[in-house]
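Chemist: give me coordinates for this.
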Amino acid sequence: MAKFLNTKKAVSEIEDLIRDADQKLILISPYLRLSKDFRELLTYRNNIDKITTIIFGKQDLNPNEMKFLQGLRFVILKYNQDLHAKCYLNDNKMIITSLNLYEFSMNNNKEMGVLIDLNDEPDNELFEDALREIDYIDKTSERFEFTSIPDDIKSEKKEPETLTKTSSSYNSKLLTTKEISQLTGISSRKVNAWFVDNKLMYKEEEDWIATKKGKELGCSEKEGQYGKFVVWPEDVLDELKLN
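Modeler: The predicted structure follows:
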């Protein structure tokens with residue numbers, strides 16, 4: 001029968017779930033910031049040639065986190081911009097919870113969840129129903145590759161010559177990356193990559209930082225729950241559609 005988990009028990013059970021996984025391990029978490037223990041568990045699994053699939057949904061991820069994960073040969077990273085679910089499963093067990101794989105949440109937040117065991121007959125139907133939804137999320141998520149931030153962005157020695165501020169930039173509505181994605185049909189990941197490639201912003205720790213050129217276009221930095229993010233004037237939509 002499904003077992004209730006508080007924050008402490010959820011963290012412990014997720015660690016055991018990763019440690020005991022055989023052929024299947026899928027970790028679904030919008031936000032990622034792995035503790036030392038979780039990094040060690042994933043590294044160990046990678047070293048014994050076992051595949052781990054990680055599906056996440058937020059762009060404001062620490063570059064070091066991404067580099068660590070992409071450095072693991074047997075980790076498959078996938079991105080789904082609409083993801084809000086948090087679910088972790090191996091061959092026999094599944095945890096559905098409010099808990100992200102985010103170290104701050106594990107140490108500070110009050111979370112709840114349930115543990116479902118395929119070996120427990122009353123849990124079989126629930127496990128299979130949830131597994132079908134997980135399979136759907138997996139198949140509708142896109143493979144993710146980290147875009148590194150060139151040093152010249154941070155120093156701002158080079159700036160694009162094709163993008164310039166228009167007189168209406170400061171008067172237009174400011175849009176988040178997600179809103180831009182919805183308006184253009186371009187994924188949030190690709191929108192962010194476009195801003196980075198054009199040297200309009202870069203990632204520093206947990207924060208998205210606007211470059212001088214980005215600010216000249218009329219963008220603004222905002223403070224959110226998980227760090228700073230950048231909002232952009234509507235004028236950039238034309239640039240995105242052209243490119």
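Chemist: show me the shaky parts of the chain.
Modeler: 59-62, 145-172, 205, 225-226, 241-243 (pLDDT under 70).
Chemist: next secondary structure after the helix ranked longest in it?
Modeler: Longest helix in the chain, counting residues (DSSP state H): helix 124-139. For helix 124-139, the following helix or strand on the C-terminal side (DSSP states H and E) is strand 142-143.
Chemist: contact partners of that next one?
Modeler: Where contact means Cβ atoms under 8 Å, 6 or more residues apart in numbering, the residues beyond strand 142-143 that reach it are I76, L77, K78, Y79, N80, S187, R189. To be clear about C-beta, it is placed using only N, CA and C from the backbone, and glycine gets the same treatment.
Chemist: let's have those residues in JSON lines, adding distance to K110 and neighbour count.
Modeler: Conversion of these to JSON lines gives the following (distance: Cβ to Cβ, whole Å; neighbours: other Cβ atoms under 10 Å):
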{"residue": "I76", "distance to K110": "31", "neighbour count": "16"}
{"residue": "L77", "distance to K110": "29", "neighbour count": "20"}
{"residue": "K78", "distance to K110": "29", "neighbour count": "20"}
{"residue": "Y79", "distance to K110": "28", "neighbour count": "21"}
{"residue": "N80", "distance to K110": "26", "neighbour count": "21"}
{"residue": "S187", "distance to K110": "32", "neighbour count": "17"}
{"residue": "R189", "distance to K110": "31", "neighbour count": "19"}
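Chemist: farthest pair within those residues?
Modeler: Pairwise distances among the contacts of strand 142-143 were taken by Cβ to Cβ; the largest, 17.5 Å, belongs to I76 and S187.
Chemist: if we can go back for a sec, buried residues of the longest helix of the chain, list them for me.
Modeler: Applying a neighbour-count criterion of 16 or more other Cβ atoms under 10 Å, one finds L126, F127, A130, L131, I134, I137 buried in helix 124-139.
Chemist: what does stretch 46-60 give?
Modeler: For stretch 46-60, burial by neighbour count (16+ other Cβ under 10 Å) applies to N46, K50, T52, T53, I54, I55, F56, G57, K58, Q59, D60.
Chemist: how is the protein divided into domains?
Modeler: Domains of the chain are assigned by automatic domain parsing as 3-143, 151-242.
Chemist: list the contacts of S98.
Modeler: S98 is in contact with K86, E111, M112, G113, counting by Cβ under 8 Å, 6+ apart.
Chemist: out of those residues, which are buried?
Modeler: Neighbour counting over these (16+ other Cβ under 10 Å) leaves K86, E111, G113 as the buried ones.
Chemist: ok, those residues vs K203, which is closest?
Modeler: Taking the buried ones among the contacts of S98 together and measuring to K203 by Cβ to Cβ, the closest member is K86, at 23.0 Å.
Chemist: before we move on, the earlier item: sort out for me which of the contacts of strand 142-143 are in helices.
Modeler: R189.
Chemist: mind checking which of the contacts of strand 142-143 are in strands?
Modeler: Counting by DSSP state E, the contacts of strand 142-143 place I76, L77, K78, Y79 in strands.
Chemist: now the last one, nearest residue through space, not along the chain?
Modeler: When you say that, I think you mean Y79. F144 (4.2 Å; Cβ to Cβ, 6 or more residues apart in numbering).
Chemist: how close does the one you found sit to T53?
Modeler: Here the criterion is Cβ to Cβ, to the nearest Å. By it, F144 lies 11 Å from T53.
Chemist: what touches both of these two?
Modeler: K78.
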